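> Just to be clear, the model below is a prediction. Sequence and coordinates:
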Amino acid sequence: MCENKSKVAVSVLVITYNPKKEKLMQTLNSILLQKGIKFEIVIADDGSDVDYFEEAEAVFKSKNFENYKLIKNKINQGTVKNIYFGLMSCRGELLKLISPGDFLCRANTLENWVRYIKRERADLSFGNIIYYRKKKNRIETIPYRASPQEVSVYHPNRKNRKKAIIERYLFLGDTIHGGAVLCKTEIWKKYISKAVNQVIYAEDCLYRLMVKEG
């Protein structure tokens with residue numbers, strides 16, 4: 001573990017369980033490309049046979065990146081507890097969860113996202129995602145339906161906003177994609193603490209609880 005004590009804007013929490021080495025390294029490299037903002041990388045592994053921590057440290061050292069932590073569960077406990085243990089080591093104001101094979105699409109993604117959250121005084125923000133597949137030596141995008149489809153209900157000036165969000169999210173299933181969320185770390189800690197001994201795998205259910213509680 002290496003750690004720089006200066007203020008961290010975003011903790012990027014990489015959740016792993018028996019990851020494919022290539023995907024993990026690609027994901028780490030996409031995070032390391034981020035510029036214009038102070039961030040840390042926390043890798044939380046849930047009892048993998050091979051965690052590739054040594055390889056990850058080699059990548060960090062090759063980029064002269066010191067703000068990282070490696071958290072290892074001795075046995076597999078499920079995604080919720082894995083996130084919980086990783087999250088307890090995060091010190092950024094905001095939290096970005098990510099898994100091997102997922103990427104931040106531009107070098108200024110985190111910088112722009114944090115600026116937006118501060119400007120809107122938001123506790124949680126979600127963006128769009130791009131699905132892709134690797135075909136031979138090319139990366140192709142895959143057509144998909146955005147999630148959520150109806151984003152207007154989240155607009156700050158929307159009348160009966162809370163009711164509209166509850167209807168769309170809880171009753172119509174028009175949910176936010178968990179991989180496209182940036183949220184205040186303390187809020188994630190609050191909600192995952194409620195679920196850590198009750199839920200094993202469905203960490204996205206925490207967003208439903210957030211919606212229910214307004």
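Okay, I see it.
> Pull out the buried residues from the host helix or strand of residue 166.
Using DSSP states H and E, residue 166 maps to helix 161-166. Buried residues in helix 161-166, counted by 16 or more other CB atoms under 10 Å: 164-166. For glycine as for every other residue, the C-beta is placed from the backbone atoms N, C-alpha and C.
> now stretch 80-97
Buried-residue list, stretch 80-97, by 16+ other CB under 10 Å: 80-87, 89-90, 92-97.
> Which of the buried residues of helix 161-166 sits closest to residue 180?
residue 165 (16.3 Å; CB to CB).
> Identify the residues contacting the closest one.
Neighbour list for residue 165: 153-154, 211 [criterion: CB atoms under 8 Å, 6 or more residues apart in numbering].
> could I get the residues you listed as JSON lines with pLDDT, neighbour count and secondary structure?
Below are those laid out as JSON lines (pLDDT from 0 to 100; neighbours: other CB atoms under 10 Å; DSSP: H, G, I helix; E, B strand; the rest coil):
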{"residue": "153", "pLDDT": "93", "neighbour count": "18", "secondary structure": "helix"}
{"residue": "154", "pLDDT": "91", "neighbour count": "18", "secondary structure": "helix"}
{"residue": "211", "pLDDT": "94", "neighbour count": "16", "secondary structure": "helix"}
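> Which single one of the residues you listed is nearest to residue 26?
Nearest member of those to residue 26, counting by CB to CB, is residue 154, at 31.0 Å.
> And that closest one, how far from residue 148?
8 Å (CB to CB, to the nearest Å).
> ditto for residue 128
Distance from residue 128 to residue 148, by CB to CB: 10 Å.
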